[in-house]
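Peer 1: Please work out how this folds:
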Amino acid sequence: MSYFRHHVFFCCNQRAEGESCCNDHHSADMQAYAKDRIRALGLKGRGKVRINKAGCLDRCDDGPVLVVYPDDVWYTFVDREDIDEIIDEHLVHGRIVKRLKLGDS
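Peer 2: Residues are numbered from 1 along each chain as shown. Below is the predicted model:
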C-alpha cells in the first residue's frame with residue numbers, strides 16, 4: 001500500500017518570459033489553496049492526501065496541470081472552483097472529473 005492514498009503534484013514551473021508555463025496561470029496559488037483545503041477537510045497525512053509543488057511536468061501546452069497518483073490522472077484547471085471539484089469528486093469520492101481530465105492519462 002502507498003504511504004499516501006493520493007499524491008497530487010501541481011506543475012509550478014516558471015519559464016522565461018514569453019514561453020508558456022503553468023505558473024503563468026497561477027498554479028502556485030492554486031497549489032497553496034489545495035493544500036489548505038485538504039488540511040481543512042482533515043485529509044492531510046499518512047494514508048490520506050499529499051499536495052506538492054513540482055517543477056516542469058512537460059505538459060505546458062496543456063497547462064496549467066496537476067497529476068494525481070497513484071491513479072495517474074492528469075487535470076487542467078482554471079480557478080478555485082475547478083480545484084474544489086477535483087478535491088471533492090476525485091480525492092474524496094474517487095470519481096474522475098471528466099471535464100477537466102487531460103487526454104493520454
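Peer 1: In this structure K48 contacts Y3, no?
Peer 2: No. Here K48 lies out of contact with Y3, judged by C-beta atoms under 8 Å, at a distance of 9.9 Å. All C-beta spots, glycine's among them, are computed from the backbone N, C-alpha and C.
Peer 1: between the two, who's got more neighbours?
Peer 2: More crowded of K48 and Y3, by other C-beta atoms under 10 Å: K48, with 15 against 10.
Peer 1: If you count neighbours, what's buried in the longest helix anywhere in the chain?
Peer 2: The residue-count maximum for a helix in the chain (DSSP state H) belongs to helix 27-40. Under the neighbour-count criterion of 16 or more other C-beta atoms under 10 Å, helix 27-40 has S27, A28, M30, Q31, Y33, A34, K35, R37, I38 buried.
Peer 1: With stretch 65-73 instead?
Peer 2: Within stretch 65-73, judged by 16+ other C-beta under 10 Å, the buried ones are V65, L66, V67, V68, D71, V73.
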